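Asks: A predicted structure for the sequence below; I have some questions about it.
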Amino acid sequence: MSAPPGLLISAPNSGAGKTTVMLGLLRAFRERGLNVQPFKSGPDYIDPAFHMAASARASFNLDSWAMSAPMMRHLASAARHADLVIAEGSMGLFDGVARAGAYGHGSSAETAAFFGWPVVLVLDIGGQAQSAAATALGFKEFYPELPFAGVILNRVSSPRHERLTRLGMEKAGIEVLGVLPKRNDLKLPERHLGLIQAVEHPDLDEAIANYARFLADHVNLDRLLPLAAHRPQAGQMAVDLPPPPGQRISLARDAAFSFTYPHLLKHWQDSGAEIDFFSPLLDEIPDKKADVIWLPGGYPELHAGQLATATKTFAAIRQHAETRPVHGECGGYMVLGQELIDKDGVAHPMLGLLGLVTSYAERKFHLGYRQARSVCQTPLFATNSKWRGHEFHYSRILKQPDTPLFDVTDADGRPVAETGSLRGLTTGTFFHMIAKAD
């Protein structure tokens with residue numbers, strides 16, 4: 001079956017409104033009877049859950065820096081039974097890893113060009129009118145090989161504002177696909193890592209339905225459909241991931257632990273692994289027969305006091321770690337440690353399987369791609385195995401006395417101090433793994 005046509009929703013910068021547009025379009029087209037497959041370009045742990053809520057289809061990350069071309073094609077095959085693909089970009093359209101050339105490696109533009117998805121640029125035109133056309137024209141011509149569908153104007157304050165902006169777009173030869181009047185009630189709630197999690201939204205379905213009505217009223221959906229396109233993909237499709245870490249995997253999942261890449265869980269399940277979910281916040285006990293316990297990232301720094309009282313969960317994880325592997329990523333790594341200090345400076349005892357002490361009170365921003373090479377032989381990571389991943393958190397390491405697990409660098413090859421830890425059968429990293437590296 002051939003791939004369905006697609007569009008990529010992007011913007012010149014974060015905060016322009018592309019997530020609202022994305023969710024509204026997913027639901028609006030779904031309500032028209034179309035089967036719409038969402039994707040997220042780049043590393044993002046939160047948006048795919050919102051996409052799934054809007055479209056009723058699992059959303060997957062596509063990352064041209066961390067993933068090989070075969071893996072990108074493999075993940076995009078999730079759309080094979082869909083009528084339309086809509087992908088959401090990250091940050092600005094051309095933002096990615098610095099390298100020689102006209103655009104960033106790992107950027108949303110790279111993803112769109114790879115699949116042949118025309119770009120719909122969401123422009124926040126607050127404080128400008130005709131000048132917005134110069135921005136749109138620059139984005140259209142910066143990478144001429146990239147298909148460009150047109151623009152959706154956001155935060156338009158009046159009919160006069162719209163008319164003046166349209167005059168500029170007409171002069172630049174840019175098609176206006178939609179005009180969204182300024183509204184302050186359509187923002188999704190946010191916190192320090194971006195949007196709140198989908199499971200935390202008090203009335204997510206109604207919010208998305210509201211976005212869909214708004215987009216249907218102000219965007220030319222009938223025009224968007226014929227603009228969608230794709231580039232035929234040839235070659236092998238493969239996943240650059242190892243076998244699952246065990247046949248039975250017990251995975252923490254609740255408001256404190258939810259940042260897991262969907263493609264990773266799908267790969268484990270497609271490979272025959274059984275995944276059991278448990279909630280540390282509810283003091284649930286992980287699967288006693290699990291081969292491995294996996295603590296993903298999330299917001300444990302916001303729930304440290306409650307986690308510290310999860311005596312049944314913590315006792316079961318400690319017992320498991322005596323004979324079988326336990327691994328934590330980012331927030332999960334922090335919980336494996338000795339203490340987690342919250343924003344008020346209060347130290348909460350954690351699992352103590354590692355000597356790690358982290359502080360959210362003494363914040364330090366960590367953001368970026370990571371390249372990692374395992375320096376130890378463990379049940380989960382063979383010596384010299386290489387990984388690509390992403391780190392995004394504000395916590396600072398105050399103490400890390402254990403054996404380093406990886407040599408870690410950023411995307412430019414510069415050493416990163418957060419190497420991960422190993423003690424016994426317990427391992428942890430601050431980066432979230434995305435794929436294997438060569």
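Replies: Yes, it's here. Residues are numbered from 1 along each chain as shown.

Asks: what's the neighbour count on the residue nearest to Glu301 when sequence neighbours are not counted?
Replies: Take Glu301 and drop its neighbours on the chain: the residue closest to it by C-beta to C-beta, 6 or more residues apart in numbering is Tyr360, 4.0 Å away. Heads up, the C-betas are built off the backbone N, CA and C, glycines and all. Per other C-beta atoms under 10 Å, the neighbour tally for Tyr360 reads 22.

Asks: what sits against Tyr360?
Replies: The contact partners of Tyr360, taken as C-beta atoms under 8 Å, 6 or more residues apart in numbering, are 301, 340-343, 394-395.

Asks: quick one: pLDDT of it?
Replies: Looking at Tyr360, its pLDDT reads 89.

Asks: repeat that for Ser258.
Replies: pLDDT, Ser258: 88.

Asks: list the buried ones in stretch 47-61?
Replies: For stretch 47-61, the neighbour count (16 or more other C-beta atoms under 10 Å) marks 47-55, 57-61 as buried.

Asks: tell me the pLDDT of the nearest residue to Ala82 once chain neighbours are set aside.
Replies: Closest residue to Ala82 apart from its sequence neighbours, by C-beta to C-beta, 6+ apart: Gln37 at 3.7 Å. At Gln37, the model reports a pLDDT of 98.

Asks: now do the helix or strand harbouring Gln37: distance to the chain's middle.
Replies: If you go by DSSP states H and E, Gln37 is part of strand 36-41. The chain centre lies 11 Å from the centre of strand 36-41; the measure is C-alpha atoms, centre = their mean, to the nearest Å.

Asks: what's the first helix or strand after it?
Replies: Following strand 36-41 in sequence, per DSSP H and E, is helix 47-55.

Asks: mind checking how far that next one is from the chain centre?
Replies: Distance of helix 47-55 from its chain centroid, counting by C-alpha atoms, centre = their mean, is 11 Å.

Asks: any idea which helix or strand comes after that helix?
Replies: In N-to-C order, the element after helix 47-55 by DSSP H and E is strand 60-62.

Asks: mean confidence (pLDDT) on the very next helix or strand once past that next one, please.
Replies: The element immediately downstream of strand 60-62 (helix or strand, assigned by DSSP H and E) is helix 69-76. For helix 69-76, mean pLDDT rounds to 94.

Asks: returning to what we had before: between the contacts of Tyr360, which sits nearest Leu241?
Replies: Ser395 (26.8 Å; C-beta to C-beta).

Asks: residues contacting the closest one?
Replies: 301, 334, 358-360, 363-364, 366.

Asks: quick one: Leu398 and Gly355 touch, right?
Replies: No - with contacts counted by C-beta atoms under 8 Å, Leu398 stays clear of Gly355, the gap being 10.7 Å.

Asks: what's the closest non-adjacent residue to Leu221?
Replies: Nearest residue to Leu221, sequence neighbours excluded (C-beta to C-beta, 6+ apart): Ala28, at 6.2 Å.

Asks: in the stretch 201-350 of the chain, which spans are helices?
Replies: 204-218, 221-227, 262-270, 304-307, 311-321, 331-336 (DSSP state H, counting those that start in this stretch).

Asks: tell me which of these is the most buried.
Replies: Burial of those is given as mean neighbour count (mean count of other C-beta atoms under 10 Å); helix 331-336 ranks first at a mean of 30.

Asks: ok, and what's touching stretch 218-237?
Replies: Contacts of stretch 218-237 (C-beta under 8 Å, 6+ apart): 2-7, 21, 24-25, 28-29, 32, 69-71, 73-74, 76-77, 84-85, 114-118, 120, 147, 149-150, 152, 177-181, 215.
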